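Visitor: 3D, please:
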Amino acid sequence: MASQYSHLHFFRRVPNELLSRYFEARDVGLEIEWEKLKPTEMEPVLDGFLQLEDTQQAEIEAEFQDIHALASEGGVRALLDEAAFHGDDGFCEALEALDGFHAKVMWAFLEKPLYWRGASMFLHADNVSASYWKKRNDLPALPPHVEDDDISALAKAISALFRKEGRGKNCKVEPYRRHNREYFFAYPEDFAQLGIEWVSNTLKTLAHHPAFEIIFVYCEKEDSLDIYAPRNTKAVPELQRIFAKHILKLDTLADGSIDKRVYDLAPAQNAEFSFTIAPELGITNAAVTRMRLTLKSNKKQRITLEADAATNPKAIYELRDKLNLPPHFITQLAVKVTFEAEAGKRAKSRTFNITYPNSCALNHDGLDLKIRKMLAASGIEPRLLEFDGEAA
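Guide: This next block holds a predicted model:
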């Protein structure tokens, strides 16, 4: 994820040649001899930028912030995914020739504006916490219908759903395909709001009609539909039916549970347990750092243990066995995974929770996908099971 934006930080990260091209494309003359500027001496660029008219500054700053937000490993990966959808085989090679995320993303902004919107949406979806997604994976494996009429019908149905609450007068849905998943970003109109803001040098109170966001992610191969609808979770069952009707062409959709898959934490009960790590995943270490234990005698009683696994991967087990606890289930694990360090860089790590029966704070791409492969090889990643009620 990109760091907090500042003008000087941004100017120093983007190569002068690309900055010059950006201002030239916007027909903005800063009267700067770009070839004489050093990457760390960006004060003349800042001075020239701050002398532009307020409206022009605001427009350029908005674009710079969008570029900065995408200047990360996840952002570049999202751009590559969008380029792959368009069959652009040379895009990856072009990015590899550029050093630094800001250079790669600025080049893509200038050269491949067609990819920009989709990549931004993918990165946004990737950064949504896993706890906000509501999954259903008992749908029939049907190909999605994504023609203009289908998308329009979906937007009208979402609008009608929220019109019952006095909002949702307008709605727009934008579809994107990424690998074997279909993404649908919906923007229904929210309640009108009044806000105070500066217009030129005058403070005014203005009416706004903001949109709120709903994201659908459908995977035909997995029979699954994920829905992100923050502060609208009660609407999820109806949103599932709306999606099924207009995108899958199902007349009816039976009520279903959210995500029938179950994480099997039983293997981690054994003190000899260790994660199965394939060499190609680039993982150097994975260890349990925290456990939540639920007593078999009373499932409302829980014990949480935490230990430093930095030098001793079995520290949490040694602590548990030392306490001589009553019989229990493991109902939550915190796991820290460390990856191989790239040349000249610090090793990356990821700490996440797995909670029985079906909650895991991992996404389905990048390093998180590699971790999921490790969990599957270790016998923990979800599999279809009937809930047996033994753990809580």
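Visitor: This structure: helices as residue ranges?
Guide: 7-13, 16-25, 43-50, 54-70, 73-85, 90-96, 101-111, 116-126, 148-163, 236-246, 315-323, 366-377 (DSSP state H).
Visitor: and the third one, which residues are buried?
Guide: Using 16 or more other CB atoms under 10 Å as the burial criterion, the residues of helix 43-50 that qualify are 44, 45, 49. The C-beta positions use only the backbone N, C-alpha and C, and glycine is treated the same way.
Visitor: Centroid-wise, who is the farthest residue in this protein?
Guide: Relative to the centre of the chain, and counting by CA atoms, centre = their mean, the farthest-placed residue is residue 324 at 40.8 Å.
Visitor: What's the separation between that one and residue 308?
Guide: Residue 324 sits 21 Å away from residue 308, going by CB to CB, to the nearest Å.
Visitor: cool, residue 149 as well?
Guide: Taking CB to CB, one finds residue 149 at 58 Å from residue 308.
Visitor: which regions of the stretch 201-350 of the chain sit below the pLDDT cut-off?
Guide: Applying pLDDT under 70 to the stretch 201-350 of the chain flags residues 256-261.
Visitor: what residue lies at the spatial centre of this protein?
Guide: residue 126 (1.4 Å).
Visitor: That one touches residue 365, doesn't it?
Guide: Yes - contact criterion CB atoms under 8 Å: residue 126 and residue 365 qualify, at 5.9 Å.
Visitor: which residues are in contact with both of those two?
Guide: residue 74 (CB atoms under 8 Å, 6 or more residues apart in numbering).
Visitor: and residue 320, what does it touch?
Guide: 271, 291, 293, 305.
Visitor: Pull out the buried members of those.
Guide: Using 16+ other CB under 10 Å, the buried ones in the contacts of residue 320 are 291, 293, 305.
Visitor: For the last one, list the residues it contacts.
Guide: Contacts for residue 305 (CB under 8 Å, 6+ apart) come out as 290, 291, 293, 316, 319, 320, 323.
Visitor: sorry, back to before: from the buried ones among the contacts of residue 320, which ones fall inside strands?
Guide: 291, 293, 305 (DSSP state E).
Visitor: quick one: which of the residues you listed is nearest residue 139?
Guide: residue 291 (34.2 Å; CB to CB).
Visitor: looking at it, the closest one is touching residue 330, isn't it?
Guide: Yes - look at residue 291 against residue 330 with CB under 8 Å: they come within range, at 5.8 Å.
Visitor: Please identify every residue contacting each of these two.
Guide: What both residue 291 and residue 330 touch, as defined by CB under 8 Å, 6+ apart, is the set residue 268.
Visitor: Next up, the contacts around the closest residue to residue 79 other than its chain neighbours.
Guide: Nearest non-adjacent residue to residue 79, counting by CB to CB, 6 or more residues apart in numbering: residue 119, 4.4 Å away. Residue 119 makes contact with 70, 75, 78, 79, 81, 82, 108 under the criterion CB under 8 Å, 6+ apart.
Visitor: Using JSON lines, lay out the residues you listed together with pLDDT and distance to residue 203.
Guide: Formatted as JSON lines, the contacts of residue 119 follow (pLDDT from 0 to 100; distance: CB to CB, whole Å):
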{"residue": "70", "pLDDT": "94", "distance to residue 203": "33"}
{"residue": "75", "pLDDT": "92", "distance to residue 203": "35"}
{"residue": "78", "pLDDT": "93", "distance to residue 203": "38"}
{"residue": "79", "pLDDT": "95", "distance to residue 203": "39"}
{"residue": "81", "pLDDT": "93", "distance to residue 203": "43"}
{"residue": "82", "pLDDT": "94", "distance to residue 203": "40"}
{"residue": "108", "pLDDT": "96", "distance to residue 203": "38"}
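Visitor: with these in mind, which one is nearest to residue 207?
Guide: Using CB to CB, these come closest to residue 207 at residue 70, 31.2 Å.
Visitor: Contacts only, for the residue nearest to that closest one when sequence neighbours are not counted.
Guide: The shortest distance from residue 70 to any non-neighbouring residue, by CB to CB, 6+ apart, is to residue 105 (4.8 Å). By CB under 8 Å, 6+ apart, the contact set of residue 105 is 67, 70, 71, 75, 76, 79.
Visitor: Out of those residues, give me the one that has the most neighbours.
Guide: Within the contacts of residue 105, most neighbours by other CB atoms under 10 Å means residue 79, with 27 neighbours.
Visitor: All set now, cheers.
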